[in-house]
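Enquirer: Predicted model, plus sequence, below.
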Amino acid sequence: MTEGDLVDLVLAEQERPAWTAAQFAEELYHSCAWQFVACHGETSRFVGYICCRSVAGEGEILKFTVIQDFRGQGVGNLLLQSALQRMAEEGASRCYLEVRDSNTIARNLYEKFGFRQIGYRRDYYSSPREAAVVYKLNIAKGGKAK
Ligand SMILES: CC(C)(COP(=O)(O)OP(=O)(O)OC[C@H]1O[C@@H](n2cnc3c(N)ncnc32)[C@H](O)[C@@H]1OP(=O)(O)O)[C@@H](O)C(=O)NCCC(=O)NCCS
(Lines give C-alpha, C1' and ligand atoms only; values in the text may rest on other atoms or scores of the structure.)
Protein backbone atom coordinates (compact mmCIF):
# COMPACT_ATOMS: atom_id res chain seq x y z
CA MET A 1 0.00 0.00 0.00
CA THR A 2 1.26 3.46 -0.86
CA GLU A 3 -0.06 7.05 -0.73
CA GLY A 4 -1.19 6.47 -4.33
CA ASP A 5 -3.81 4.03 -3.02
CA LEU A 6 -5.45 6.53 -0.63
CA VAL A 7 -8.30 7.57 -2.94
CA ASP A 8 -9.23 3.92 -3.65
CA LEU A 9 -9.00 3.11 0.06
CA VAL A 10 -11.34 5.89 1.10
CA LEU A 11 -13.82 4.98 -1.69
CA ALA A 12 -13.76 1.36 -0.53
CA GLU A 13 -14.70 2.55 2.97
CA GLN A 14 -17.86 4.41 1.99
CA GLU A 15 -20.14 1.47 2.73
CA ARG A 16 -19.87 2.00 6.49
CA PRO A 17 -18.22 4.29 9.08
CA ALA A 18 -14.54 3.81 8.62
CA TRP A 19 -11.08 5.29 8.42
CA THR A 20 -10.40 8.64 6.78
CA ALA A 21 -7.54 9.30 4.34
CA ALA A 22 -5.59 10.84 7.26
CA GLN A 23 -6.00 7.66 9.32
CA PHE A 24 -4.83 5.48 6.42
CA ALA A 25 -1.87 7.81 5.86
CA GLU A 26 -0.93 7.63 9.55
CA GLU A 27 -1.08 3.83 9.39
CA LEU A 28 1.15 3.79 6.28
CA TYR A 29 3.98 5.38 8.25
CA HIS A 30 3.51 3.62 11.60
CA SER A 31 6.70 1.71 12.39
CA CYS A 32 4.97 -1.64 13.21
CA ALA A 33 2.38 -1.40 10.44
CA TRP A 34 2.28 -2.89 6.96
CA GLN A 35 -0.45 -3.42 4.41
CA PHE A 36 -1.28 -5.32 1.25
CA VAL A 37 -3.45 -4.13 -1.63
CA ALA A 38 -5.08 -6.61 -4.03
CA CYS A 39 -5.36 -5.62 -7.70
CA HIS A 40 -7.25 -7.29 -10.54
CA GLY A 41 -4.84 -9.29 -12.71
CA GLU A 42 -5.91 -7.95 -16.13
CA THR A 43 -7.00 -4.39 -15.36
CA SER A 44 -4.82 -3.68 -12.30
CA ARG A 45 -7.96 -2.24 -10.72
CA PHE A 46 -7.83 -1.90 -6.92
CA VAL A 47 -10.07 -4.62 -5.43
CA GLY A 48 -9.22 -4.79 -1.72
CA TYR A 49 -6.73 -4.29 1.06
CA ILE A 50 -5.64 -5.54 4.46
CA CYS A 51 -3.94 -3.41 7.16
CA CYS A 52 -1.86 -5.21 9.79
CA ARG A 53 0.69 -4.67 12.49
CA SER A 54 3.24 -7.04 13.90
CA VAL A 55 5.40 -6.56 16.96
CA ALA A 56 7.02 -8.76 19.64
CA GLY A 57 5.78 -12.06 18.20
CA GLU A 58 2.19 -10.90 17.77
CA GLY A 59 0.30 -9.92 14.65
CA GLU A 60 -2.91 -7.92 14.45
CA ILE A 61 -5.36 -7.35 11.63
CA LEU A 62 -6.74 -3.82 11.92
CA LYS A 63 -8.74 -3.42 8.71
CA PHE A 64 -9.65 -5.71 5.85
CA THR A 65 -12.01 -5.02 2.95
CA VAL A 66 -12.73 -6.35 -0.52
CA ILE A 67 -14.77 -3.96 -2.67
CA GLN A 68 -18.32 -5.13 -3.19
CA ASP A 69 -18.19 -6.09 -6.91
CA PHE A 70 -15.26 -8.43 -6.24
CA ARG A 71 -16.51 -10.25 -3.13
CA GLY A 72 -17.06 -14.00 -3.16
CA GLN A 73 -14.26 -14.58 -5.68
CA GLY A 74 -11.41 -15.56 -3.38
CA VAL A 75 -9.79 -12.12 -2.91
CA GLY A 76 -10.40 -12.16 0.85
CA ASN A 77 -8.84 -15.60 1.11
CA LEU A 78 -5.78 -14.40 -0.79
CA LEU A 79 -5.31 -11.23 1.28
CA LEU A 80 -5.70 -13.06 4.58
CA GLN A 81 -3.34 -15.87 3.57
CA SER A 82 -0.73 -13.34 2.39
CA ALA A 83 -1.02 -11.39 5.64
CA LEU A 84 -0.62 -14.48 7.83
CA GLN A 85 2.38 -15.57 5.77
CA ARG A 86 4.00 -12.18 6.27
CA MET A 87 3.32 -12.33 10.02
CA ALA A 88 4.95 -15.78 10.15
CA GLU A 89 7.97 -14.43 8.22
CA GLU A 90 8.28 -11.63 10.79
CA GLY A 91 8.29 -14.18 13.62
CA ALA A 92 4.72 -13.71 14.86
CA SER A 93 3.28 -16.84 16.42
CA ARG A 94 -0.16 -15.38 17.17
CA CYS A 95 -2.60 -13.16 15.33
CA TYR A 96 -5.48 -11.21 16.89
CA LEU A 97 -8.44 -9.36 15.43
CA GLU A 98 -11.86 -7.98 16.31
CA VAL A 99 -14.98 -8.27 14.19
CA ARG A 100 -18.62 -7.25 14.52
CA ASP A 101 -20.70 -10.01 16.08
CA SER A 102 -23.15 -9.96 13.13
CA ASN A 103 -20.47 -10.13 10.42
CA THR A 104 -21.11 -13.75 9.49
CA ILE A 105 -19.15 -13.63 6.24
CA ALA A 106 -15.95 -12.38 7.87
CA ARG A 107 -16.41 -14.71 10.84
CA ASN A 108 -16.79 -17.68 8.45
CA LEU A 109 -13.58 -16.66 6.73
CA TYR A 110 -11.61 -16.28 9.99
CA GLU A 111 -12.91 -19.55 11.40
CA LYS A 112 -12.06 -21.33 8.15
CA PHE A 113 -8.45 -20.18 8.68
CA GLY A 114 -8.49 -21.59 12.21
CA PHE A 115 -9.14 -18.42 14.24
CA ARG A 116 -10.82 -19.18 17.57
CA GLN A 117 -12.99 -16.82 19.62
CA ILE A 118 -11.19 -15.71 22.80
CA GLY A 119 -13.31 -12.74 23.85
CA TYR A 120 -16.52 -10.78 23.47
CA ARG A 121 -16.65 -6.99 23.94
CA ARG A 122 -20.19 -5.76 24.47
CA ASP A 123 -21.10 -2.41 22.82
CA TYR A 124 -17.61 -2.13 21.36
CA TYR A 125 -18.67 -0.68 17.99
CA SER A 126 -20.87 2.33 17.31
CA SER A 127 -23.10 3.23 14.31
CA PRO A 128 -24.68 0.79 14.85
CA ARG A 129 -23.76 -0.13 18.38
CA GLU A 130 -22.68 -3.75 18.47
CA ALA A 131 -20.44 -6.21 20.27
CA ALA A 132 -17.01 -7.22 18.97
CA VAL A 133 -15.90 -10.82 18.85
CA VAL A 134 -12.16 -11.15 19.56
CA TYR A 135 -10.37 -13.87 17.62
CA LYS A 136 -6.93 -15.42 17.96
CA LEU A 137 -4.96 -17.67 15.61
CA ASN A 138 -1.82 -19.58 16.55
CA ILE A 139 0.33 -19.20 13.44
CA ALA A 140 2.62 -21.92 12.15
CA LYS A 141 5.41 -21.51 9.57
CA GLY A 142 3.96 -20.48 6.18
CA GLY A 143 1.08 -18.60 7.79
CA LYS A 144 -1.20 -21.61 8.34
CA ALA A 145 -3.05 -22.34 11.59
CA LYS A 146 -1.00 -24.24 14.17
C1 LIG B 1 -15.00 -10.28 4.68
C2 LIG B 1 -14.51 -10.03 3.24
C3 LIG B 1 -13.16 -9.31 3.30
C4 LIG B 1 -14.35 -11.37 2.52
O5 LIG B 1 -13.80 -11.14 1.24
P6 LIG B 1 -14.20 -12.02 -0.05
O7 LIG B 1 -13.27 -11.69 -1.14
O8 LIG B 1 -15.64 -11.85 -0.34
O9 LIG B 1 -13.94 -13.50 0.50
P10 LIG B 1 -13.65 -14.81 -0.36
O11 LIG B 1 -14.42 -14.80 -1.63
O12 LIG B 1 -12.18 -15.01 -0.45
O13 LIG B 1 -14.29 -15.92 0.60
C14 LIG B 1 -13.55 -16.32 1.75
C15 LIG B 1 -14.48 -16.98 2.75
O16 LIG B 1 -15.38 -16.03 3.30
C17 LIG B 1 -16.61 -16.69 3.60
N18 LIG B 1 -17.65 -16.15 2.72
C19 LIG B 1 -17.46 -15.41 1.59
N20 LIG B 1 -18.66 -15.05 1.09
C21 LIG B 1 -19.60 -15.58 1.91
C22 LIG B 1 -21.03 -15.54 1.93
N23 LIG B 1 -21.72 -14.87 1.00
N24 LIG B 1 -21.68 -16.15 2.94
C25 LIG B 1 -20.99 -16.82 3.91
N26 LIG B 1 -19.62 -16.89 3.95
C27 LIG B 1 -18.96 -16.28 2.97
C28 LIG B 1 -16.40 -18.16 3.31
O29 LIG B 1 -15.85 -18.77 4.47
C30 LIG B 1 -15.34 -18.09 2.22
O31 LIG B 1 -14.60 -19.27 2.12
P32 LIG B 1 -14.99 -20.35 0.94
O33 LIG B 1 -14.82 -19.61 -0.34
O34 LIG B 1 -14.02 -21.45 1.14
O35 LIG B 1 -16.42 -20.72 1.21
C36 LIG B 1 -15.54 -9.17 2.44
O37 LIG B 1 -16.81 -9.78 2.54
C38 LIG B 1 -15.65 -7.73 2.91
O39 LIG B 1 -14.89 -6.88 2.48
N40 LIG B 1 -16.62 -7.45 3.78
C41 LIG B 1 -16.83 -6.08 4.28
C42 LIG B 1 -15.71 -5.64 5.19
C43 LIG B 1 -15.51 -6.61 6.33
O44 LIG B 1 -16.47 -7.15 6.88
N45 LIG B 1 -14.24 -6.80 6.70
C46 LIG B 1 -13.85 -7.65 7.80
C47 LIG B 1 -13.93 -6.85 9.05
S48 LIG B 1 -12.99 -7.57 10.36
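Expert: Arrived safely, thanks for sending. Keep in mind that this is a model prediction, so the values were computed, not measured.

Enquirer: hey, let's count contacts and neighbours off CA atoms from now on
Expert: Will do.

Enquirer: so what pLDDT did the spatially most central residue of the chain get?
Expert: With distances taken as Cα atoms, centre = their mean, the chain has Phe64 as the residue nearest its mean C-alpha position (3.1 Å). Note for Phe64: predicted pLDDT of 95.

Enquirer: For the nearest residue to Asp8 once chain neighbours are set aside, list the residues it contacts.
Expert: Of all residues not flanking Asp8 in the chain, Phe46 sits nearest, at 6.8 Å (Cα to Cα, 6 or more residues apart in numbering). Contact partners of Phe46, counting by Cα atoms under 8 Å, 6 or more residues apart in numbering, are 8, 37-40.

Enquirer: before we move on, what SS does the residue of the chain most remote from its centre have?
Expert: Distance from the centre of the chain peaks at Glu42, with 23.9 Å (Cα atoms, centre = their mean). State at Glu42, reduced to three classes by DSSP: H, G, I helix; E, B strand; the rest coil: coil.

Enquirer: just the strands in this structure please.
Expert: 33-39, 46-55, 58-66, 94-100, 116-125, 130-138 (DSSP state E).

Enquirer: report the longest helix in the protein, please.
Expert: helix 75-89 (DSSP state H).

Enquirer: Quick check: which helices or strands does that helix pack against?
Expert: In terms of contacts (3 or more Cα pairs under 8 Å, 6 or more residues apart in numbering; DSSP states H and E), helix 75-89 is packed against strand 33-39, strand 46-55, strand 58-66.

Enquirer: so where is the chain shaky, pLDDT-wise?
Expert: 17, 142 (pLDDT under 70).

Enquirer: so who does Lys144 touch?
Expert: 81, 84-85, 113.

Enquirer: backbone phi and psi for it, please?
Expert: The phi/psi pair for Lys144 (degrees, to the nearest 10) reads phi -90, psi 170.

Enquirer: measure it to the ligand for me?
Expert: From Lys144 over to the ligand the distance is 15 Å, taken as Cα to the nearest ligand atom, to the nearest Å.

Enquirer: So which residues on this structure come close to the ligand?
Expert: Residues of the chain lying close to the ligand (Cα under 6 Å from any ligand atom) are 64-67, 71-77, 99, 105-106, 108-109, 112.
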